[in-house]
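Student: Turn this into a model:
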Amino acid sequence: MKKLPVKQAVLLIAGCLCCSIATNWILIPNGLATPGITGIALTLESFTGINYSLIYYAITLLILTLTWFTLGKKDVSNIIILSLLYPTVLSVLSYVDVEIVFQDRLVALLAFGALYGIGIGIPYRLGYSYGGDDTLAKILKKSVWKSVELKKIYYFEEVLIILFMATRFNLDTLAYAFIGQLIYVNCMNYVVFNLGPKLYDVHIIGNSRMEEIETFIIEKIHKSVTIYQDAMGGYSRESKVQMSCVCSSRDYVQLREFIRQGKYGCFIKVLPLIHVFGQNRDFHKLDDENIE
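Tutor: Coordinates of the predicted model:
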């Protein structure tokens with residue numbers, strides 16, 4: 001299991017609280033539903049009378065067990081914390097008598113989608129997963145449909161869940177559930193990919209004292225740097241050294257001030273980036289298969 005620093009623990013609890021409040025205090029009181037494991041649990045509750053949070057807990061434990069046997073310890077370590085934490089928070093809040101009821105169901109759907117998306121996005125950004133239907137899709141790809149694209153399995157899975165929910169919910173509720181999923185997926189993607197440090201690709205071209213800039217990048221702002229030794233100025237025809245590094249806005253300001261104060265004769269080009277994958281703490285991790 002991953003080591004869990006205090007800051008990460010607080011953020012994971014905050015994510016669970018957001019999802020639990022969105023489900024218990026907004027979704028259910030407003031007569032809405034959502035696909036995924038929550039949708040299955042709500043549907044089974046209507047059949048059995050068992051609290052949906054307990055059903056959710058049982059399903060996540062089943063997915064956790066299947067993950068262990070099909071995907072291995074690495075994937076289990078990504079979901080085990082939330083597989084235990086989220087159902088607990090969900091169950092506790094289900095007994096707290098708070099209802100946030102909106103006059104317009106569409107407004108309720110927007111509120112649910114935004115809060116739920118934030119709650120899912122926070123752990124995903126930290127490299128953790130709730131072990132829900134996205135993990136189930138990975139299990140199916142690994143063990144059944146090996147040649148099928150992951151996102152197609154995920155969409156097929158969602159269609160089956162909605163069809164199952166149709167046995168207990170009317171078409172209006174299912175339509176709202178589909179729209180709600182679109183809202184929270186977009187909110188989740190925004191949290192995962194757009195919040196946090198803004199990253200820039202910084203190109204520095206010069207012909208003297210460039211090793212000092214390299215040292216500053218590596219030792220002071222703790223970023224890697226790529227060096228091109230065979231660059232040449234098109235106007236001067238002089239040999240140049242070109243460096244490239246990816247850094248956050250804060251790092252870039254420090255680097256720019258270092259170059260300015262040191263009076264380095266450099267040409268600097270800065271490009272904003274959308275996604276960066278790598279091992280640095282500011283980057284996204286590429287060791288997990290993402291559903292686009």
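
Student: What is the burial count for the nearest residue to W145 once chain neighbours are set aside?
Tutor: Of all residues not flanking W145 in the chain, I153 sits nearest, at 5.7 Å (C-beta to C-beta, 6 or more residues apart in numbering). C-beta: built from backbone N, CA, C; applies to glycine. By the measure other C-beta atoms under 10 Å, the count of residues near I153 is 20.

Student: tell me the pLDDT at I153?
Tutor: You'll see I153 listed with a pLDDT of 87.

Student: what do you get for the one 10 residues further on?
Tutor: Per-residue confidence at L163 stands at 92 (pLDDT).

Student: how far away is it from T43?
Tutor: 11 Å (C-beta to C-beta, to the nearest Å).

Student: more crowded one of the two?
Tutor: T43 (20 against 10).

Student: host element of the more buried one?
Tutor: Per DSSP states H and E: T43 is located in helix 36-48.

Student: tell me what that helix is packed against?
Tutor: When contacts are defined as 3 or more C-beta pairs under 8 Å, 6 or more residues apart in numbering; DSSP states H and E, helix 36-48 packs onto helix 52-70, helix 150-165.

Student: most tightly surrounded among those helices?
Tutor: Each of those was scored by mean neighbour count; the highest is helix 52-70, a mean of 18, by mean count of other C-beta atoms under 10 Å.

Student: right, and the helix or strand after it?
Tutor: Next along the chain from helix 52-70, counting by DSSP H and E, comes helix 73-94.

Student: separation between the residue lying closest to I55 once chain neighbours are set aside and K220?
Tutor: In this structure, I55 finds its nearest non-sequential neighbour in A41, 4.2 Å apart by C-beta to C-beta, 6+ apart. As for A41, its distance to K220 is 50 Å (criterion: C-beta to C-beta).

Student: and C187, what is it in contact with?
Tutor: Taking C-beta atoms under 8 Å, 6 or more residues apart in numbering as the criterion, C187 is in contact with G113, A114, Y116, G117, I118, G121.

Student: could you redo the last one with a cut-off of 10 Å?
Tutor: L110, G113, A114, L115, Y116, G117, I118, G119, I120, G121 (C-beta atoms under 10 Å, 6 or more residues apart in numbering).

Student: Give me the next element, helix or strand, following the helix or strand containing the fourth one.
Tutor: When elements are assigned from DSSP H and E, L115 belongs to helix 105-126. For helix 105-126, the succeeding helix or strand toward the C-terminus, using DSSP H and E, is helix 133-143.

Student: Check which helices and strands that following helix sits against.
Tutor: Judged by 3 or more C-beta pairs under 10 Å, 6 or more residues apart in numbering; DSSP states H and E, the packing partners of helix 133-143 are helix 36-48, helix 52-70, helix 73-94, helix 150-165.

Student: buried sites along it?
Tutor: Neighbour-count burial for helix 133-143 flags D133, D134, T135, L136, A137, K138, I139, L140, K141, K142 (criterion: 16 or more other C-beta atoms under 10 Å).

Student: Relative to E158, how far out is the closest residue to I26 other than its chain neighbours?
Tutor: In space, and not counting its chain neighbours, I26 is closest to F112: 4.6 Å by C-beta to C-beta, 6+ apart. For F112, the distance to E158 equals 17 Å [C-beta to C-beta].
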